[in-house]
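**Q** Predicted coordinates and the sequence they were generated for:
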Amino acid sequence: MQQAAVKNETPCYEPPAAGRTSEVTVYIVDDDLSFLRSLSRLLRASGFHVIAYASAADFLAELKPDMNGCVVTDLMMPGLDGMALQEALRKSGSPLPILFLTGHGNIPTTVQAMRRGAEDFLTKHAPKEELLASVNRALARNEQDRAERVRLESLRQPFMLLSDREREVLRHVLQGKLNKEIAADLGIHERTVKLHRTSITTKLRVHSVAELTRLVQAAGFH
Amino acid sequence: MRAFRSSYTDPDWARPREKLGAFAGGLTLVLLATFIFSASAASPYPVASSGYLLRNWGTEDGLPENSATAIVQTQDGYLWFGTFNGLVRFNGESFTVFNPANTPQLADAGIVNLHADQRDRLWVSTSAGLVVKDGAQWRAFGTNDGWVGNFVRTFAERANGDLLMTTFDGHVLALEKDQLTELPPPPGELGLGYFGAVDENGRWWAVQHRFVGYWNGQQWIQVHAPTPTLGRSRVACAAARDGGVWVLLGKDLLKFRGSNEVFRLSLPRLKGGIWSMTEDSRTNIWICSYDSGLFRVTPEGDLIRWTMTNGLGTLSMRLVFEDQEENLWLGSSGGGLTLLRPQRFFEMDSGSSSSGRVARSVSPARNGGIYVAFYDAGLFHHTEMGAAHVFVPGPHNESVYGLSVLEDRAGRVWYGDLDSGWVRRDQGPFEKVPLKSPAGAQVGALFEDSQGRVWMATREGLVVYNGTEFQHLGSESGLPPGQIVCFGEDSFGVLWVAGAGGVLRRGKDQFTALRSADNQPLQGVICLKADADGAMWMGTRSAGLLRWRDGTIDRIGVEHGLPEREIRGIIEDAQGYFWMPSNRGIIRVNRKQLHAVADGAALRLEVQLLDRADGLPSPECYTGQPTCALDTAGRLWFATQKGVVGIDPAGFRVNPRPPPVLVERLTYRVPATETKTRERRPPSGLGDEEISVTSPFSAPLRLPPGAYGLEVQFAVLSFSAPEKVRFQYFLEGINPAWKDAEGDRVVRFHQLPAGNYIFRVRAANNDGVWDQTGTALAFSVRPFFWQTWWFRFGSGLLLVASGSAFVWSWSRRRIALAVERERLAHETLELREELAHSSRVSTMGQLASALAHELSQPLSAILRNTEAAEILIQESPPDLPEIREILTDIRLDDQRATGVIDRMRRLLKRQKAERTPLAVGALLDETAALVRADALRRKTQLALDVPADLPLVHGDRIQLQQVLLNLFLNGMDAMSGQSPETRRLVVQARKTGEQTVELRVRDFGPGIPKPDLPHVFEPFFSTKPDGMGMGLAVSKTIIEAHEGRLWAENGPGGGACFCIVLPVVSTAL
């Protein structure tokens, strides 16, 4: 309540400083400072926005959920290594794709990393073109993920308008039950079920059960 | 007189109530109700429970059995416990068990009760009779000595040393003038045991469910008739601290003086049967039940029940014992041994949402309670009503990354946050503090000066609020660039600031920098505190504490006894003590003493370092301002990494008891041919004998000629927090002065020349109180017969008398022999070098993959830099400074790659051994550089511990490096099977004696199996499936060719340790 009052009366905040977290950024993590510098230079010269970290812990300390872009990390580092960083990112729910660099490829680690969803796996002296292509691919995937999330969000929006009872009725409708059965299951009158159904179709702006089913699937509900 | 208050309302004891009566203030009581309870018995750190810290020991820690049936402390300071499987002596670190197998005088291993009397005798009631230990003598009490009954239920002692013993089967015996007699049985229920006690007049008391009374010299006088329905297990008795006798009868706690009942407290019905009752020096009464846990009656008369949820190991409690340091020990059946200590700090649980979170700043609130800024949970206000979250709006809905908070004298709340910068609340809602530019936020220190002005640090300088308006101070006021990290105000009202630009004072409008004696700005100062003596104290990041007074600066560092170099805050209490948060705990030290040390009038500080052992949830406090605060009630508050703690400094008591120190064991090795044994052990390492002598030592202690590897183990009998004990030792004849040490209670000397020595050791308890005298052990190392004067004299005579006769023939033979020996030696040397070389090549093979990786790093960096430069050079205009930096980086990377190759080539080269003086540190650094990549790949931590002032050793650099390389790789191999966090290789170099340097390479793997120890240096001995078994054999050859020694042992905490001793370069040459 205090929150609402403050919001309405004193709009004393600027919107978040532009570019602080929303700019698409390549986050580079490597404990070898010389290599970290050289890779940052190359990516910056190639037109990317880059932030470099000398350890996975430094990066995780600044990790925010609304970061956009991708992570390029060395696999072998003292303390938290690349695999541990990938694990930490996965646990925090961050959608940043991760791209591993290694001094020399090592098959079992590669397989493990790819299985856990690594975007790519490159040696540190891979050709420049390959490296840049991988970064671009990771960024594209991040963008796609974000777009997908926005789309799902907009599809899910109307479902928020439903009441709990309506949601319950909706679940039964999707199971293909007749109004009579639903009424019996929920212990309400058949006429009430009909009223709920009308309300659902109005709120979700659909006209048939088929359309309703499609909408539910598209929004990713089960 | 205690005021009893029967405030207990919960009739069935289902839920224990947690209170702490020691803090009587209104706020405190509420805060106490919000203590954090955790009950993980497995934690090595103490568990906090109702204001006490608990620590448990069980069989896994060395107890022979999971119980403590009785606990006493003898006058030498040892604690003794009884268990069902032997008598145990405890020195704070380890348990020594006495049972019939090693002490035949102890008739049985089942110990029922113990008593340490005034004459320093230890009375032991075993399940097979009563025995007394008097020094090294044992005496059994049989029926001939007047003994009757089964086992001793209670011991009680008069001021004159007479003893009262009651038995479980109803006998009451008195030992008067060393004569044991049975008193007539008291008129209670026959065949059932009594509790015994002695009152202030020396009267014997006996208490049972059918009798409460004392012995008047002729007969038993009943002073109270218990109700006939009282159960037999609902009774206990204990002597009262202020005279008289406590008696528990059912739910009534009574106190008698003579025949008069002087106190009565009605308790709710106690669950379970009672085993014993004790009053401690803080006048708590502890009641142990054998099936329902522990009960505490506070001095206020409240009752608190303790169960396993409070950290007890079992519900079956037997006794509470208070040692000389006022620690409480709990004995149990089945739950081991438990140490109870009052918690010095009280924690604040700010409700579910911020409990245990990172607290960055704390400030007392004017209307009571405190404000806390949590990093990740935002602002909280703790009041008598509990913890309330204060909503602060921010760019992302809410500001939760709190860094600083302060309530000024006008009642305005100032709050700094990572996301929203500086905000304040005056009458209405929070408002943003106007800044020059929004990007300039970045919250630093926060401070209110004596005139009520509020100062804030930002990235672009300072903002000050004078009550009506904000003013911005930047470079035009003389402020250097860089964030200000702290403020201070001296006794003249002058504002001081410190930060990246040094320490500055504010004049009229301008800041001027303070300069050191050599005219440099003062760097690294992170907190400021003015005192009443006109001094300004400065805490630094790595140089300890600085004092500025009248223009001069003096430093106090770790060499003066400061436990930590980084001082993160300073606050002073009303008693004149400084409390200084650091990342290892909170340091408490007297201000007068700090002045004395800074003036040079005293050499060392007496300091307390308060950490988890004192109830801090985390020893680490952050830098910033304000991170600690003093409230109007005189309490101190500290923001730590795991929440906020408070302490009442007026109630703080230092543990005043200097810890007794006792040498327990002396161990040394004797070369195989010189063995003279006291106690033989299986041979170890080189086939030499290891000999161990334990206390009591027979004087004089004489070690045989050639004895080496001397280890002195001792006990420091301080039980409050054994891990915080520090000690100093001093070997007269070798060490020039006392040497500081902590950790394992053992000191090692590698090789001592023949002579007489006195080993001295002294220690400080957990609060830094030293036992100045300590203990001493005299011993001598006997010379070899050829080192004695009579042998030298005698052989001289012999030589003169008979030598000349042989000279002629002998010299002829000698020439021929010398030629032959020379040829052999040459061949041997060549062979040895050949072997060393091939072993080296094979070792390098193991490293090849890791070295390739190390080489690929600079090469990849060069590639990326070149590519970046190619792009940059096409831009117009090209960014030339950047390209210049790239070229510098490329050159450095090239040098790095060359370095890797050079190190590799040097080891692979076949070359003649060459002895030169070598610096041990450089040798170790270079070897570590070779294995660094490999260690990283194997996730092994490599720690080098090399003092800077080691003397040079004489040797061949390549060969010594080869030995070290071998040991490093072996150590890492040994740990490959365990989890990465435990893979640690520690390399230590130490000067041992005048002539030698010792290198220890220690791993934390499984160690070397005992049967393998004598064989590890034999050729072709290997435990690795693909090992050749030559590495260690070659290493030993190399070290012996250097006139050194190489041996293996297992570390005290597990893992193998390889030790190299090398002769130093003689300075006389």
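**A** All right, it came through fine. Computed from a predicted model, the values in this text were never measured in an experiment. Numbers count the residues shown, from 1 in each chain, chains lettered A, B, ... in the order given.
**Q** pLDDT averaged over stretch B:463-472, what's the number?
**A** Across stretch B:463-472, pLDDT averages out at 89.
**Q** can you list the domain ranges for chain A.
**A** As recorded under automatic domain parsing, the domains making up chain A are A:24-155, A:162-218.
**Q** most tightly surrounded among those domains?
**A** The highest mean neighbour count among these, using mean count of other CB atoms under 10 Å in any protein chain shown, belongs to domain A:24-155: a mean of 18. From N, CA and C alone the C-beta is placed, and that goes for glycine too.
**Q** Report the central residue of the chain.
**A** By default, I'm working from chain A. A:Pro95 (4.1 Å; CA atoms, centre = their mean).
**Q** Can you look at chain B instead?
**A** Centre-nearest of chain B using CA atoms, centre = their mean is B:Glu723, 3.1 Å out.
**Q** Which parts of chain A are helices?
**A** A:2-9, A:33-45, A:56-62, A:82-92, A:107-115, A:128-156, A:164-174, A:179-186, A:190-204, A:209-218 (DSSP state H).
**Q** Of all the ones you listed, which one comes closest to chain B?
**A** helix A:33-45 (3.7 Å; CB to the nearest CB).
**Q** so B:Ile883, which of the three states?
**A** Following DSSP: H, G, I helix; E, B strand; the rest coil, B:Ile883 is assigned to helix.
**Q** residue contacts, A:Val193?
**A** A:Val169, A:Asn179, A:Ile182, A:Ala183, A:Leu186 (CB atoms under 8 Å, 6 or more residues apart in numbering or on different chains).
**Q** Tell me which residue of the stretch 651-800 of chain B lies closest to chain A.
**A** B:Gly743 (24.9 Å).
**Q** Which secondary structure element of chain A has the lowest mean pLDDT?
**A** Among the helical and strand segments of chain A, the one scoring lowest on mean pLDDT, DSSP states H and E is helix A:2-9, with a mean of 34.
**Q** my read is B:Arg792 is in a helix, agree?
**A** Yes. Remark: B:Arg792 belongs to a helix, assigned using three-state DSSP.
**Q** pLDDT score assigned to it?
**A** Here the pLDDT value assigned to B:Arg792 is 72.
**Q** neighbours of it, just the number please.
**A** Neighbour count for B:Arg792, taken as other CB atoms under 10 Å in any protein chain shown: 11.
**Q** so how far is B:Ala707 from it?
**A** Applying CB to CB, to the nearest Å, the value for B:Arg792 to B:Ala707 is 21 Å.
**Q** ok so, going back, any idea which of the domains of chain A gets closest to B:Leu254?
**A** When those are compared by CB to CB, domain A:24-155 sits nearest B:Leu254, at 60.5 Å.
**Q** Can you measure across the closest one, start residue to end residue?
**A** Domain A:24-155 has its terminal residues 25 Å apart, counting by CA to CA, to the nearest Å.
**Q** Wondering if it reaches chain B at all.
**A** Yes. Using CB under 8 Å from any CB of the partner chain, we find that domain A:24-155 touches chain B at A:32, A:34-35, A:37-39, A:41-42, A:44-46, A:76-78, A:81, A:103-104, A:124-125, A:128.
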